[in-house]
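J.: what's the 3D shape of this:
(2 chains)
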Amino acid sequence: MRVRESDMSDQKQRLARQFIESIPHSRALGMVLDQIEDGTATISMPYDTRFVGDPETGVIHGGAVSALMDTCGGAAVMSHPTAPTATATIDLRIDYMRPATPGQRITARAECYNVTRSVAFVRATAVDEDSARPVATATGAFTVERAPGTKS
Amino acid sequence: MKRPKPEPVQIVKQRRDAALRALVHGVPYIQFLGIQFDRRGDELTALLPFDEKLIGNPQLPAIHGGVTAAFLEVTAIIELSWSMVWEEMERGNLDPSTLDARHLPRLPKTIDFTVDYLRTGLPRDAYARARVNRSGRRYASVHVEAWQDNRSRLFAQATGHFLMPGVEPAGKDG
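T.: This is a model prediction of the structure:
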């Protein structure tokens, strides 16, 4: 796991790296945190033949895209200005628009567009190198844990 | 008319297990996650043996939500494909010895997939079973349930819609 360092301030970079690097499965999928700020996150993963879901076409399995979307959604929640201390997915719906092109990197961008005291609402989009046509979109609800005594 | 002699049970089992193996072993991502399938007649149970690389929260520790989603989606797709393969095989239209990674039945494509996370996925083996609620010519709807220690305490469930193989992607034929 590595974080692209040029895009972020030192402190955010450190937090972001901690968040992603402490996740063994994200590391297993080769996820890279590209950007994280104020409730939005961008995470990408390389094409890898081990993640293929349809051997006939070489297209990545939807499950790997789900893992990317889920991680990215969680990262967006954690980066929200109201500073949640922890989060977990309540539900996640993924719509698959088209197969990701084999050989291309997949990039997910998630936005935490609303938070209440205990719930965060997230939407996300995944693209390959043709960023004009989404591969998948997702919407999810996440739990929000807050430090004792904080107001929402 | 004389009734044909029933096939020996071992032959029948071998054929069915070979078909299932071809279906499961042909998909690299299923191997990557280490998912296996247990068969009793036509009923499948998916098994996800716990592994360090499946962890999403090292503090608890807990299985990654993406792993849970992937496990459920894999189970749904294999169940749906298996129900088609089973039918063909029982009719005598499909010889599993001709199946390998390059000659698999076309897999259904996921249209959408919604996962409910009911409990934390513990660092233990997980199991899942899928039910095909509707399987039409073009679309199918599949429900999946996953549990760990107790069958009645699900840790996740999901519903997905799938485009059946052999049908043009939406947009080309509406």
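
J.: report the contact partners of B:Glu73.
T.: B:Glu73 makes contact with A:61-63, A:66, B:110, B:113, B:144, B:158, B:160, according to CB atoms under 8 Å, 6 or more residues apart in numbering or on different chains. All C-beta spots, glycine's among them, are computed from the backbone N, C-alpha and C.

J.: between those residues, which is closest to B:Phe71?
T.: A:Gly63 (7.4 Å; CB to CB).

J.: tell me where the chain has helices.
T.: In the absence of a named chain, this looks at chain A. Counting by DSSP state H, chain A has helices at residues A:10-21, A:24-28, A:62-78.

J.: wait, chain B was what I had in mind.
T.: Using DSSP H, helices in chain B cover B:9-25, B:28-33, B:65-90.

J.: need the winner for burial among the ones you listed.
T.: helix B:65-90 (a mean of 24; mean count of other CB atoms under 10 Å in any protein chain shown).

J.: quick one on the thing from earlier: closest to A:Ser44 out of the helices of chain A?
T.: Using CB to CB, the nearest of these to A:Ser44 is helix A:62-78, at 7.9 Å.

J.: model confidence over the closest one, on average?
T.: Helix A:62-78 comes out with an average pLDDT of 95.

J.: circling back: mind putting the contacts of B:Glu73 into CSV with neighbour count and distance to B:Val67?
T.: Shown next, in CSV, are the contacts of B:Glu73 (neighbours: other CB atoms under 10 Å in any protein chain shown; distance: CB to CB, whole Å):
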residue, neighbour count, distance to B:Val67
A:His61, 25, 12
A:Gly62, 30, 13
A:Gly63, 28, 8
A:Ser66, 29, 9
B:Thr110, 24, 17
B:Phe113, 29, 14
B:Val144, 25, 14
B:Ala158, 27, 13
B:Gly160, 27, 16
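
J.: export the helices of chain B as JSON lines, with columns for mean pLDDT.
T.: Converted to JSON lines, those look like this (pLDDT from 0 to 100):
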{"stretch": "helix B:9-25", "mean pLDDT": "90"}
{"stretch": "helix B:28-33", "mean pLDDT": "96"}
{"stretch": "helix B:65-90", "mean pLDDT": "94"}
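
J.: now these as CSV including distance to A:Thr143?
T.: What follows is those, written out as CSV (distance: least, CB to CB, whole Å):
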stretch, distance to A:Thr143
helix B:9-25, 34
helix B:28-33, 25
helix B:65-90, 11
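
J.: would you list every one of the strands in chain A?
T.: In chain A, the segments counted as strands under DSSP state E are A:32-37, A:40-45, A:52-54, A:59-60, A:89-96, A:106-115, A:119-127, A:136-143.

J.: how far away is the residue nearest to the spatial centre of chain A from chain B?
T.: By CA atoms, centre = their mean, the mean C-alpha position of chain A lies nearest to A:Cys72, the distance being 1.1 Å. Distance of A:Cys72 to chain B, given as CB to the nearest CB, to the nearest Å: 10 Å.

J.: same check, this time on A:Asp70
T.: Counting by CB to the nearest CB, the gap from A:Asp70 to chain B is 4 Å.

J.: ok, the nearest residue to B:Pro58 once chain neighbours are set aside - how many residues close by?
T.: Among residues not flanking B:Pro58 along the chain, A:Ser22 sits closest, at 5.3 Å (CB to CB, 6 or more residues apart in numbering or on different chains). A:Ser22: 15 surrounding residues under other CB atoms under 10 Å in any protein chain shown.
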